[in-house]
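Engineer: take this sequence and fold it.
(2 chains)
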Amino acid sequence: AQSVTQLDSHVSVSEGTPVLLRCNYSSSYSPSLFWYVQHPNKGLQLLLKYTSAATLVKGINGFEAEFKKSETSFHLTKPSAHMSDAAEYFCVVSAPSGGSYIPTFGRGTSLIVHP
Amino acid sequence: GAVVSQHPSRVICKSGTSVKIECRSLDFQATTMFWYRQFPKQSLMLMATSNEGSKATYEQGVEKDKFLINHASLTLSTLTVTSAHPEDSSFYICSARDYGQGIFYEQFFGPGTRLTVL
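Structural biologist: Here you go, the predicted model:
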């Protein structure tokens, strides 16, 4: 079994300040982990992914995330928020389950960026 | 990166009619596609996993006779909402996995279809 917990339903930051979106997971196997972004009424875009290579993963638009096995975390960060970062962010875990890889989504975190 | 398209992007229909939504992988072969439903301000809810050439696997609580899924080719899966009712109004999103490029676990998402049932 696997699960994902996004600890914050909303995160509010000022433009130019750091962003931290938290994600904890549980999985019986070594998982792959992903962060996706969704702008209003749009599909999902992959920001970055961890698939058992380097634990610090760099993604698009200046985002990065660090896989910490001891803490079962995969938090998403960005040094300086931009207005265009305002969107919904989803953490996803994917691990073997009955011979296939079924992804499990977190509930999402809404990032609000103030001018 | 790999591209997934959905058609239509938006559809409005009368209660009792059926609506078909297409999901296509444009530049890769997708042996597995996923169908999700998303309500406003909520996460994606997996409805079913669609495997090319076989029956779809539905998640618990999803009516297979209501939401018909066909994955007839490696690049096309369709979701048909039969006898649609207002409560079926939602944002439907498909995704596909590209097995051919070694990115086994990554999903590529379509842009979504907004279904409104009057």
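
Engineer: give me the residue ranges of chain A where confidence is low.
Structural biologist: Across chain A, residues meeting the criterion (pLDDT under 70) sit at A:96-100.

Engineer: so which residues on chain A come close to chain B?
Structural biologist: A:32, A:34, A:36, A:41-46, A:49, A:51, A:90, A:92, A:94, A:100-103, A:105-108, A:110 (Cβ under 8 Å from any Cβ of the partner chain). In this view, the C-beta of every residue, glycine as well, is placed from N, C-alpha and C.

Engineer: ok, of those residues, which come out buried?
Structural biologist: Among these, those classed as buried by 16 or more other Cβ atoms under 10 Å in any protein chain shown are A:32, A:34, A:36, A:43-46, A:49, A:51, A:90, A:92, A:94, A:101-103, A:105-108, A:110.

Engineer: following the biggest strand by length in chain A, which helix or strand comes up?
Structural biologist: Longest strand in chain A, counting residues (DSSP state E): strand A:87-97. Once strand A:87-97 ends, the next helix or strand along the chain (criterion: DSSP states H and E) is strand A:100-105.

Engineer: OK, contacts around residue A:17?
Structural biologist: Applying Cβ atoms under 8 Å, 6 or more residues apart in numbering or on different chains, we find residue A:17 in contact with A:80-81.

Engineer: ok, now how distant is it from residue A:80?
Structural biologist: Residue A:17 sits 7 Å away from residue A:80, going by Cβ to Cβ, to the nearest Å.

Engineer: can you check residue B:93 too?
Structural biologist: For residue B:93, the distance to residue A:80 - Cβ to Cβ - is 30 Å.
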